[in-house]
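> below: sequence and its predicted model.
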Protein chains: 2
Amino acid sequence: MIEKRLETSILLGIYEAAIKLVSKNVEFVQKAGLSNQQWIILIHLAKDPNLPYLIREKHDKPMMASELALSLGVTRANITNLLSVLMDKKLVKQIEDKDDRRIKRLTLTPKAEKMISEMSPERMKSNEMHLKGFTKVEKEQFLVLIQKITQNIINDKS
Amino acid sequence: MIEKRLETSILLGIYEAAIKLVSKNVEFVQKAGLSNQQWIILIHLAKDPNLPYLIREKHDKPMMASELALSLGVTRANITNLLSVLMDKKLVKQIEDKDDRRIKRLTLTPKAEKMISEMSPERMKSNEMHLKGFTKVEKEQFLVLIQKITQNIINDKS
DNA sequence: TTTAATAGTTAATATAATTAACTAATTTTC
DNA sequence: GAAAATTAGTTAATTATATTAACTATTAAA
């Protein structure tokens, strides 16, 4: 018999929320013909200021594949695959970095920029719906706490 | 240029926390030779009272595959595959329901019960670490809010 | 200047998940 | 009560997702 624990309930709660998000929220993403991962990559390249990774680390230059791998928690090889699909779709371009010739900077094509801005209203509406019934203060508090939890998880080198 | 939005930051925050959880938290799960999905199934069958799905719906009888599919947000066919691996590992057993002969009830073997209870201390320690620095009140509030968000996502039939 | 580390790719493979078609059993509807 | 619809689970084929290991090229560190 497993006992009830506040901490366990919270972590399983976060996990389930994420599952439901990707399996339902994706409507506006699916409509655009994108997988969840592809969408996440695109908003990284669009420098969406809501992305935790971009909140934590400043980014002046365009992103590179290894940073995406870090943020998404997958291997670089996997990112290579994902990017090749996005390049086939003419949504992403690679540009060689002159300062460090190992690096390829990733940028969105005009087509992708347009796509993202057209998706924006639906995305905003959907996200607002998912936080229906919350006060501004509650939202602000929640954001602080979820960031703290993520930081704890990242810091835990056990 | 995508604008900063509290709602978007929160949802991306939840998503990232879940990613980091499954790609790091899994230490005690990996040690047991289980995938994340396999582990989640086992705690469902163990009736872990911290599982959102079991918090929402009462379950007197042992679970069945289609309930797992619902809770995990995957197809029944996928659950069939996952279960067959767990049965090969002698961790899960199927028992036919006498009242409704379409149904197969899923139960843990003694081996699985033992495994889960042996994993319990490490699991609790890990979960507590991830909520380090939170007061009890903060945890309680957070739990309420994450449950509310999940409910919003589920209810959203858009 | 050798050695080590980093960035990205490739090929082979493994894992995870889906769709579609199917059987069997139960429920609903007329 | 019989036909139609729904539900539970499985199977087979396929697709999507991700990994590991080996490799090239480049840069940084010793």
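Thanks, I have the structure now.
> report the contact partners of A:Gln30.
Contact partners of A:Gln30, counting by CB atoms under 8 Å, 6 or more residues apart in numbering or on different chains, are absent. All C-beta spots, glycine's among them, are computed from the backbone N, C-alpha and C.
> going by secondary structure, it is in what exactly?
Assessed by DSSP states H and E, A:Gln30 sits inside helix A:27-31.
> please see if that helix touches DNA strand C.
No - residues of helix A:27-31 contacting DNA strand C under CB under 7 Å from any atom of the strand: none, with a closest distance of 10.1 Å.
> mind listing what's buried in that helix?
A:Phe28, A:Val29 (16 or more other CB atoms under 10 Å in any protein chain shown).
> just the CA coordinates for the helix or strand just after it, please, in CSV.
Sequence order places helix A:36-45 as the next helix or strand after helix A:27-31, per DSSP H and E. Only the C-alpha atoms of helix A:36-45 are listed here, as CSV (Å, rounded to 0.1, in the frame of the first residue of the first chain):
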residue,chain,number,x,y,z
ASN,A,36,4.9,18.7,-30.6
GLN,A,37,8.6,18.5,-30.8
GLN,A,38,8.8,20.4,-34.0
TRP,A,39,6.6,23.2,-32.6
ILE,A,40,8.8,23.5,-29.5
ILE,A,41,11.8,23.8,-31.7
LEU,A,42,10.2,26.5,-33.7
ILE,A,43,9.3,28.6,-30.7
HIS,A,44,12.9,28.2,-29.5
LEU,A,45,14.2,29.6,-32.7
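> who are the packing partners of helix A:36-45?
helix A:65-72, helix A:76-88, strand A:92-96, strand A:104-108, helix A:110-130 (3 or more CB pairs under 8 Å, 6 or more residues apart in numbering or on different chains; DSSP states H and E).
> how far out from the middle of the chain is the helix or strand bottoming out on mean pLDDT in chain A?
Least confident helix or strand of chain A, by mean pLDDT, DSSP states H and E, is helix A:27-31 with a mean of 86. The chain centre lies 15 Å from the centre of helix A:27-31; the measure is CA atoms, centre = their mean, to the nearest Å.
> one more: stretch A:136-147?
On CA atoms, centre = their mean, the centre of stretch A:136-147 falls 18 Å from the chain's centre.
> how about the residues of chain A near DNA strand C?
Counting by CB under 7 Å from any atom of the strand, chain A sits next to DNA strand C at A:64-67, A:76-77, A:79-81, A:83-84, A:94, A:100, A:102-104.
> also near DNA strand D: which of those residues, exactly?
When contact is defined as CB under 7 Å from any atom of the strand, the residues of chain A next to DNA strand C meet DNA strand D at A:Ala77, A:Asn81, A:Asp100, A:Arg102.
> what is the burial count for the first one?
Other residues within reach of A:Ala77 by the criterion other CB atoms under 10 Å in any protein chain shown amount to 10.
> that one and A:Lys89, how far apart?
Going from A:Ala77 to A:Lys89 by CB to CB, to the nearest Å gives 20 Å.
> thinking again about what came up before, do the helix holding A:Gln30 and DNA strand D meet?
No - on the criterion CB under 7 Å from any atom of the strand, helix A:27-31 is out of touch with DNA strand D, staying 10.6 Å away.
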